[in-house]
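**Student:** here is the input, now give the coordinates:
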Amino acid sequence: MFRKLLLAACAGGAVLTVAVCTYFTMPPKSTASPADAASAAKPAEPPLAHAAAQSETSVQLPIGQVVLFSSGVGYFQREGVIDGDARVDLSFPVSDINDLIKSMVLRDLDGGHVSAVSYDSNAPVEKTLQSFAVNLSANPTFGQILNQARGEKVEVVLQQANAAQPGTMTGSIMGVEAKQEAVGKDIVNVEQLNMWCADGMRSVKLSELQRVRFLNPIMDNEVRKALETLTLSHDTQKKAVSLNFVGEGKRNVRVGYVIENPIWKTSYRLVLGKEKEDKPFLQGWAVVENATDEDWKDVRMALVSGRPISFQMDLYTPLYVPRPTVVPELFASLRPVTYNGNVNADAEVAAANGPAAEGRALQEQLRRGGAEAKKASDGAPAAGLAADKPGSPDFAYRLGKDLDQKMNLSASGVTPSATATKLGDFFQYAIDKPVTLPRQKSALLPIVNKDVEGTRVSIYNERTQAKFPLLGLKFKNTSGLHLMQGPITVFEGSNYAGDARILDVEPNEERLISYAVDLGTEVNPVPSSDNGRLVQVKIVKGILHSQTKVRETKTYTIVNRNDQERLVLLEHPVRNDFHLTDDTSKPAETASDVYRFEVKVPAGKTATQVVTEERIVNEQVQLTNSNDDQMRFFINTTISSAKVKDGLKQALDLRHTLALTQQAIADKQRELKDITDDQVRLRANLKEMPPTAAAYKRYLDKFDAQETQIEKLQEDIKKMQATESQQRKDFEDFLNNFSAD
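**Tutor:** Numbering: from 1, shown residues only. Have a look, this model is predicted:
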């Protein structure tokens, strides 16, 4: 028995298609009987050629253009030429299928049209295999495959044991059965294929079959598709996508789509000159990554600096919407997608870099050593190569001289390979030359190589470094390009000075960067604050409004121990409830979080910067609930007007009168309580003492007098409570109707 499968790569190069190939060996001439000759059929053309004639031509569309965005997506465009009806087969990771469905754009540029785009289902491969006429999911045997095709017409090629046996047979499959046969002393099961041929039913051992071919093209196509599905299942992370184009003649076609891709990044090199008039030189590199499984060969590439809104939506998984059976208005639908906004903070000053200071110390040491070596070697003959050995004075001199020179990146052979243009609301770097990048590789592409403007400064922020400012640069983007955020490696001359980080910078925008600690400059901030002073008092309908001005001062003392003048930028925090006073110098600039004051400090000198801020504290007091001490405080202050003081004095008088009445009522109520408590004692004594006793009459007379006194006290209390109520009303009415500035 002989079977053969051919794996033929499709013209697109991305997907393997599987075809069942049946190449027939013509049987040798024989003297077959008329019956056998009647049942024999002519060999048909190979089915691979037949399938090729019936299907569209599969072509390859390589990637011709790549546009990478700084938002984590990339636009890929495939380009090529097709002839007539054609099919483009591609494969994508499962994670990219949703983006592909959402964004794919197909164009047939020369009169053709796109007929359909088909892609593999998201169903498990076992379920897909079960949908074909021949189920290959359980790894069936040769006999089981033929048994699934009962009733189908097939052509079989037999192994000829003798000249009388036919070479081919054509008929319909009736089934496969197992018969027991004796092989030596053993009994074995032998599978036999039962067929209905033109001359009747025949039975052939499967071991005698050389090849089998389905004569029904539909059945043949089902087996081929099942094998294609089985082949693609070997990579469970990939799904096949087929694009079908219909038309005549040769045509240019393009396929574009947006899928997830690593963001492109930037890194910069900034060279500072040794003299003040030297302009800083900025060199920028773009970091791009080919995270796909396909090589990029001579592709047109553009890098876009911008953050277009991009999201993922599950379009690949079949979604079933629950439907009511009675009320159409209750049809359920998918929930809408919600979006969260993104707020970007302002630029931050990067942390200090210690190795930069160590590098400068080494440079000074080498300079001194080099100067001494030069002085010692004046007039002496050259020492040859031995003088350049590490540890020799001349070696230190040469190294110090090299470090002192400016690193000239503009003449180093690196030229920018990108053209920067404005692209709507975004900024685009179009790479001038085609890019070749193998899959899973990264590349550095030069995009900036220009002089820029900058002023050296020392930036002090107490929250960043409490004692020392940071060496930095007041950088102005005069490159004419949009600079995307990224790290900056700073060089002074040819010496590494430190690292910095910068956020997105528009053309002509100024931004601060810092790269090292300025150990030669020290700042000492000393805060002071008062307890506040009252600045305004007014009364509005019984509510006293006061304003207290709180004043806070911070004095920055700057000591410059360097041998050069320092321009120090002092960053003082912005507090929304405070404002700068008029006697404070105006800041050079104001950011969203800090004021920046410029202070020039000569070499070896000390300078100060005083920052004074004030805030107003508003306080409201309900006079009816305030105590006398609060009122007397506002009466005695010089800020209160005469009208306010007179009103407060009158309110105090009314409250004093009310308080006297309340005190009198309290005294009467206390007296009434004492009499009432004493009556309890008298009642107890009268109850225990006989009426004939002399004390009994005395207790009874006293009890009667107390009753008269109680009635008088109760009447007095009632009158005094009425007076209190009126006095309280007069007091509250006065305050509620009194207003004064």
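**Student:** identify the single longest helix in this protein, thanks.
**Tutor:** helix 642-688 (DSSP state H).
**Student:** tally of neighbours for residue 280?
**Tutor:** Counted with other CB atoms under 10 Å, the neighbours of residue 280 add up to 19. Any C-beta I mention is one placed from the backbone N, CA and C, and that applies to glycine too.
**Student:** quick thing: my sequence starts at 49, can you match it?
**Tutor:** All right, first residue 49 from here; so that's residue 328.
**Student:** give the contact list for it.
**Tutor:** 318, 319, 320, 321, 499, 500, 501, 502, 521, 523 (CB atoms under 8 Å, 6 or more residues apart in numbering).
**Student:** other SSEs contacting the helix or strand that the longest helix of the chain is followed by?
**Tutor:** Following helix 690-736 in sequence order, the next helix or strand is helix 742-784 (DSSP states H and E). Applying 3 or more CB pairs under 8 Å, 6 or more residues apart in numbering; DSSP states H and E, we find helix 742-784 packed against helix 690-736.
**Student:** just name whatever secondary elements the helix it packs on is in contact with.
**Tutor:** Judged by 3+ CB pairs under 8 Å, 6+ apart, the packing partners of helix 690-736 are strand 581-588, helix 676-684, helix 742-784, strand 787-788.
**Student:** of the ones you listed, which is nearest residue 705?
**Tutor:** With CB to CB as the criterion, residue 705 lies closest to helix 742-784 of the helices and strands packed on helix 690-736, at 5.8 Å.
**Student:** now the closest one: mean pLDDT?
**Tutor:** Averaging pLDDT along helix 742-784 gives 87.
**Student:** ok, now stretch 555-569?
**Tutor:** 89.
**Student:** equivalent analysis for stretch 603-621, please.
**Tutor:** 93.
**Student:** kindly report the same for stretch 235-243.
**Tutor:** 88.
**Student:** could you list the buried residues of that stretch?
**Tutor:** Going by neighbour count (16 or more other CB atoms under 10 Å), the buried part of stretch 235-243 is 239, 240, 241, 242, 243.
**Student:** the first one falls within a helix, correct?
**Tutor:** No. Following the definition DSSP: H, G, I helix; E, B strand; the rest coil, residue 239 is strand and is not counted among the residues of a helix.
**Student:** ok, what's across the strand from it?
**Tutor:** residue 226 (DSSP bridges).
**Student:** distance across stretch 505-520, terminal residue to terminal residue?
**Tutor:** 5 Å (CA to CA, to the nearest Å).
**Student:** now do it: everything it contacts.
**Tutor:** Against stretch 505-520 from outside (CB under 8 Å, 6+ apart): 397, 399-400, 404, 504, 521-522, 545-546, 548, 560-567, 569-573, 604, 606, 614-619, 621, 642.
**Student:** helix, strand, or coil at residue 193?
**Tutor:** Quick answer, by three-state DSSP: residue 193 is helix.
**Student:** can you show me the helices along this structure?
**Tutor:** So, for the chain - with DSSP H - the helices run 82-87, 95-102, 142-151, 173-178, 190-196, 265-280, 402-425, 441-452, 676-684, 690-736, 742-784.
**Student:** chain center to the longest one: distance?
**Tutor:** For helix 690-736, the gap between its own C-alpha mean and the chain's C-alpha mean amounts to 73 Å (CA atoms, centre = their mean, to the nearest Å).
**Student:** repeat for the third one
**Tutor:** Taking CA atoms, centre = their mean, one finds the center of helix 142-151 at 20 Å from the center of the full chain.
**Student:** what's the answer for stretch 167-187, then?
**Tutor:** 39 Å.
**Student:** what's the end-to-end length of that stretch?
**Tutor:** 25 Å.
**Student:** that stretch: which residues count as buried?
**Tutor:** 167, 168, 173, 176, 177, 180, 181, 182, 184, 185.
**Student:** and the least confident of those residues?
**Tutor:** residue 173 (68).
**Student:** residue contacts, residue 197?
**Tutor:** 181, 182, 221, 262, 267.
**Student:** distance to residue 121 for these - can I get that in CSV?
**Tutor:** Converted to CSV, the contacts of residue 197 look like this (distance: CB to CB, whole Å):
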residue, distance to residue 121
181, 42
182, 42
221, 53
262, 46
267, 44
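**Student:** next step: the residues you listed restricted to strands.
**Tutor:** 221, 262 (DSSP state E).
**Student:** report pLDDT for the nearest residue to residue 119 once chain neighbours are set aside.
**Tutor:** Spatially, and ignoring its direct neighbours in sequence, residue 119 is nearest to residue 355 (4.5 Å; CB to CB, 6 or more residues apart in numbering). pLDDT for residue 355: 73.
**Student:** picking that back up, residue 633: which of the helices and strands packed on helix 690-736 is closest?
**Tutor:** strand 581-588 (23.4 Å).
**Student:** next, the angle from the closest one to helix 690-736.
**Tutor:** 70 degrees (axes from the mean of the first three to the mean of the last three CA atoms, to 10 degrees).
**Student:** what are the buried residues along strand 581-588?
**Tutor:** Those would be 582, 585, 586, 587, for strand 581-588 by 16+ other CB under 10 Å.
**Student:** how about stretch 331-344?
**Tutor:** So, applying 16+ other CB under 10 Å, buried residues of stretch 331-344: 331, 332, 333, 334, 335, 336, 337, 338, 340, 342, 344.
**Student:** tell me the contacts of the third one?
**Tutor:** Spelled out, it's residue 333. 314, 315, 316, 317, 492, 493, 494, 495.
**Student:** pretty sure residue 783 contacts residue 699?
**Tutor:** Yes. The criterion here is CB atoms under 8 Å, and residue 783 meets it with residue 699 at 6.0 Å.
**Student:** overlap in contacts, those two.
**Tutor:** residue 671.
**Student:** in ChimeraX, how would I select the buried members of the contacts of residue 333?
**Tutor:** Of these, the buried ones go into a single ChimeraX selection, burial set by 16+ other CB under 10 Å:
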select :314,316,317,493,495
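**Student:** and of the contacts of residue 333, the nearest to residue 291?
**Tutor:** Nearest member of these to residue 291, counting by CB to CB, is residue 493, at 30.7 Å.
**Student:** name the nearest residue to the closest one, sequence neighbours excluded.
**Tutor:** Going by CB to CB, 6+ apart, residue 493 has residue 334 as its nearest residue, at 4.6 Å.
**Student:** thought the one you found was touching residue 352?
**Tutor:** No. At 11.1 Å, residue 334 and residue 352 do not qualify as touching, with contact defined as CB under 8 Å.
**Student:** and for these two, which residues touch both?
**Tutor:** Joint contacts of residue 334 and residue 352 (CB under 8 Å, 6+ apart) are residue 477.
**Student:** and the strands in the stretch 199-348 of the chain?
**Tutor:** Shown for the stretch 199-348 of the chain, the strands assigned by DSSP state E, counting those that start in this stretch span residues 201-206, 216-231, 234-245, 248-253, 257-262, 286-294, 298-308, 313-320, 329-338, 344-353.
**Student:** possible to save the ones you listed as TSV with distance to residue 138?
**Tutor:** Below are the strands of the stretch 199-348 of the chain laid out as TSV (distance: least, CB to CB, whole Å):
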stretch	distance to residue 138
strand 201-206	35
strand 216-231	37
strand 234-245	40
strand 248-253	43
strand 257-262	29
strand 286-294	5
strand 298-308	8
strand 313-320	28
strand 329-338	17
strand 344-353	15
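**Student:** got a markdown table for the buried residues of strand 581-588, with pLDDT and distance to residue 625 too?
**Tutor:** Below are the buried residues of strand 581-588 laid out as a markdown table (pLDDT from 0 to 100; distance: CB to CB, whole Å):
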| residue | pLDDT | distance to residue 625 |
| --- | --- | --- |
| 582 | 76 | 18 |
| 585 | 84 | 21 |
| 586 | 86 | 22 |
| 587 | 85 | 25 |
